[in-house]
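Novice: Following is a predicted model, sequence given first.
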Amino acid sequence: MAVIEMRGIERHYSFGEITVRALDGVDVTIQEREFVAIMGASGSGKSTLMNVIGCLDVPTAGSYILDGMNTSGASADSLADIRNMKIGFVFQGFNLLQKTTALENVELPLLYNRREERVNAEARAREALERVGLAQRMHHIPTQLSGGQQQRVAIARALVTRPAIIIADEPTGNLDTEMSFEIMSLFQELNDSGITVVMVTHENDIALWAQRKIVLRDGRILREEKNALRGPAGGGAARAVSAFPALREAKTFLRVPLP
Amino acid sequence: MKASVLVKLSLRSILRNRMRSLLTTLGIIIGVCSVIVMVAIGEGTQASIHDNIASMGTNLIMISPYRGPNSVNRLVVEDVEKIRREAVYVSAASGVVRGSGIAVGGVGSWSTTIYGVEPDYIIIKEWKIAEGDFFSGRDVSVRAKKAVIGSTIAGELFPGESPVGKRFRIANTPFEITGVLESKGASSMGGDQDDLIIVPLTTAMSRIRRSRNLQSIEVSAVSENRMDQAQAEVEEILRESHRLPPGAESDFSIFNQAEIIEMASSVARTLTMLLGAIAGVSLLVGGIGIMNIMLVSVTERTREIGIRLSVGARRRDIMRQFLTESVVLSLSGGVIGILFALGAVKILNSSGVLRAIVNPVFILISAGFAALVGIFFGYYPAQKASRMNPIDALRAD
């Protein structure tokens, strides 16, 4: 079943006389449980596409159906609700609330949840943090955590509402190779457990973790390709790598994108 | 988002910038404090004036010889006699003259106010004699050099002994003390009510004032609900006594106590409102301070707003968050201001310089007003925060 169905998506920005077509007729279909990388040079429109997928931005034209819901013409409030319930964001700069504990950061989306007011936010947040392996760091504030740990908190925050998709914007952009590896392993684990992941990146070795690559140029899809090395069965390989520190070190040393 | 979460959130953000929050609320603290203290002083003054006038006598009607500028004093002793003789609704009437003088005798001298009155005056004023007697009507008719003194004079001139039967002089006229008034203590305005000498009206007119006109006539009505009749009656008698033709304007003014209280209170009320309004301006300035800081806070926290929007906060959630913050700021400033004001009022009252009365209802109103200031001045910054575009907000540093 398709989680994301985009048809003829356009996003124009007007600067006086000039109109920039950041997205110029994009069709994207992403199936449930898929792990997709969106690639492209800067200015290719990948960030705009991510914003539209994440309902942070509204397309100028085209139709976008997310998890069976038509987002066209949705009010600002319904878009907020969609972001709250259907989407989990992971950003390059982590975007955690400063001076706020990991637990409270993860609780944040639940505080804005209108459907499930009675959910025990704290228990859900603890569960999400345990899932990303931060059970021991719940009461630390972002400055007391490493970059990789901060990104894990952000992932836990994205997971906590049990969204239809997780959207990651350059999730490893601020991390060193080893931490990048940890984070990507985590994404793969989540994907293996059935969560749809859409990731924007400009790094090829990061994109290799995905099952499918969508490459943008000048607001259009340049090409789409399946990742032969990866695929639904490839998850085991990544787990194997993460299980063997020696392999991980080799990867770091060689700077090779091992699966 | 639940109200409790909002309050917790705003308290945390306020405590994160302690110094800044304190300085911001200082404007509200000073504003609320000064409004309450000023209004309390105004109300205290009003109450003092009321008590003062009320203590002037019971069911009192006062006749002043003047009516407008350039009027001539035509009140004489015969007017009082006529009132006493003819008025039905009047229980007591006395002519009054006042002067100041230095009483010399006993162990020293004392500068004081001298009242020339008739024996009825003690009824009008509800004075009590602590020792000795008041002088009699006969003393008035023979211009006896007798005096009743207040306890302050007794203490100053004759400390430690009974002044009754003793003598003292005012402007070389010797007076014999027939009685001492019961002490009344300080008045609500702070004046010493026992610092006076009372002598027979006629004696005062010939020896001290040296005038055949009265400074006022004071009259007690038989009861509170006969005040109007008594007033009309006195006016009629005086017009007759002064031989005024019907339709001519009276050559005196007549007030009853309630009117005097009303006049004085309206002045005090105006004063209260003026003081309150001036203090209110400082509250307004405090509100502007809150708006200023909230605007800074919104700009500083653009990224935070972006994060909240991205995880599904609605615009009104952001709006509420910042509004709650400004209301918590202004309300806590209001509460601190109220506490300071209560302290200031306590100090003022115990100092005895000014009387201040805090109306509990007014405290609630000020707290509500402080919260209102928070909403009013927090609205624009909160709206600014809620209108942010999530993408731009996330990109902010």
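Specialist: Thanks, I have the structure now. Residues are numbered from 1 along each chain as shown, chains lettered A, B, ... in the order given.
Novice: residue contacts, the closest residue to residue A:74 other than its chain neighbours?
Specialist: Distances taken as CB to CB, 6 or more residues apart in numbering or on different chains place residue A:82 nearest to residue A:74, at 7.0 Å, with adjacent residues excluded. Heads up, the C-betas are built off the backbone N, CA and C, glycines and all. Contacts were defined as CB atoms under 8 Å, 6 or more residues apart in numbering or on different chains; by that measure residue A:82 touches A:55, A:66, A:69, A:71, A:74, B:312.
Novice: Strands of chain B, residue ranges please.
Specialist: B:60-64, B:90-105, B:108-117, B:129-132, B:146-149, B:167-170, B:173-181, B:196-200, B:216-221, B:253-256 (DSSP state E).
Novice: Could you list every helix and strand that the last one packs against?
Specialist: Contacting strand B:253-256 under the criterion 3 or more CB pairs under 8 Å, 6 or more residues apart in numbering or on different chains; DSSP states H and E are the following elements: strand B:60-64, helix B:227-241.
Novice: Can you list the strands that the first one pairs with?
Specialist: When you say that, I think you mean strand B:60-64. Within its sheet, strand B:60-64 is paired with strand B:216-221 (antiparallel), strand B:253-256 (antiparallel), according to DSSP bridges.
Novice: what about dumping the CA coordinates of the longest one to PDB?
Specialist: Okay, so that is strand B:216-221. Presented in PDB, the C-alpha positions along strand B:216-221 are these (Å, rounded to 0.1, in the frame of the first residue of the first chain):
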ATOM      1  CA  SER B 216     -20.200  80.600  63.300                       C
ATOM      2  CA  ILE B 217     -23.300  79.300  64.900                       C
ATOM      3  CA  GLU B 218     -23.500  75.600  65.600                       C
ATOM      4  CA  VAL B 219     -26.800  73.800  66.100                       C
ATOM      5  CA  SER B 220     -27.800  70.300  67.000                       C
ATOM      6  CA  ALA B 221     -31.000  69.000  65.500                       C
END
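Novice: ok, and what's touching it?
Specialist: Here strand B:216-221 makes contact (CB under 8 Å, 6+ apart) with B:57-65, B:75, B:79-80, B:83, B:87, B:89-96, B:120-121, B:123-124, B:227, B:229-231, B:234, B:256.
Novice: Secondary structure class of the residue nearest to residue A:74, three-state.
Specialist: For residue A:82, the assignment made with DSSP: H, G, I helix; E, B strand; the rest coil gives helix.
Novice: number of nearby residues for residue A:21?
Specialist: As a burial measure, residue A:21 scores 16 neighbours (other CB atoms under 10 Å in any protein chain shown).
Novice: check which helix or strand covers it.
Specialist: Secondary structure from DSSP states H and E places residue A:21 in strand A:18-31.
Novice: List the buried residues in the helix or strand just after that strand.
Specialist: Once the chain leaves strand A:18-31, the next helix or strand it forms, by DSSP H and E, is strand A:35-39. Neighbour-count burial for strand A:35-39 flags A:35-39 (criterion: 16 or more other CB atoms under 10 Å in any protein chain shown).
Novice: How far away from the center of its chain is strand A:35-39?
Specialist: Chain-centre distance of strand A:35-39: 9 Å, with CA atoms, centre = their mean, to the nearest Å.
Novice: Residues contacting it, please?
Specialist: A:30, A:46, A:49-50, A:187-188, A:191, A:196-202, A:204, A:206-207, A:209-216, A:230.
Novice: Partner strands of that strand and their direction?
Specialist: strand A:196-200 (parallel), strand A:212-217 (parallel).
Novice: Get me the contact residues on chain A for chain B.
Specialist: Neighbours of chain B within chain A, by CB under 8 Å from any CB of the partner chain: A:51, A:54, A:56-57, A:76-77, A:80-85, A:89, A:91, A:95-99, A:108-109, A:111-113, A:117, A:157, A:161.
Novice: The same query, at a cut-off of 6 Å, please.
Specialist: A:51, A:56-57, A:77, A:80, A:83-84, A:89, A:95, A:97, A:108-109, A:111-112 (CB under 6 Å from any CB of the partner chain).
Novice: Including distance to residue B:217, mean pLDDT and mean neighbour count, could the strands paired with strand A:35-39 go into a markdown table?
Specialist: Shown next, in a markdown table, are these (distance: least, CB to CB, whole Å; pLDDT from 0 to 100; neighbours: other CB atoms under 10 Å in any protein chain shown):
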| stretch | distance to residue B:217 | mean pLDDT | mean neighbour count |
| --- | --- | --- | --- |
| strand A:196-200 | 99 | 95 | 25 |
| strand A:212-217 | 104 | 94 | 20 |
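Novice: out of those strands, which comes closest to residue A:225?
Specialist: strand A:212-217 (5.1 Å; CB to CB).
Novice: CA atoms only: put that closest one into CSV for me.
Specialist: These are the backbone C-alpha positions of strand A:212-217, laid out as CSV (Å, rounded to 0.1, in the frame of the first residue of the first chain):
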residue,chain,number,x,y,z
ARG,A,212,15.5,3.1,-3.5
LYS,A,213,17.0,6.5,-4.6
ILE,A,214,15.1,9.4,-6.1
VAL,A,215,17.4,11.9,-7.7
LEU,A,216,16.2,15.4,-8.3
ARG,A,217,17.6,18.1,-10.5
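Novice: Give the rounded mean pLDDT of the first helix or strand past that strand going along the chain.
Specialist: Per DSSP H and E, strand A:212-217 leads on to strand A:220-226 as the next helix or strand towards the C-terminus. The average pLDDT within strand A:220-226 is 92.
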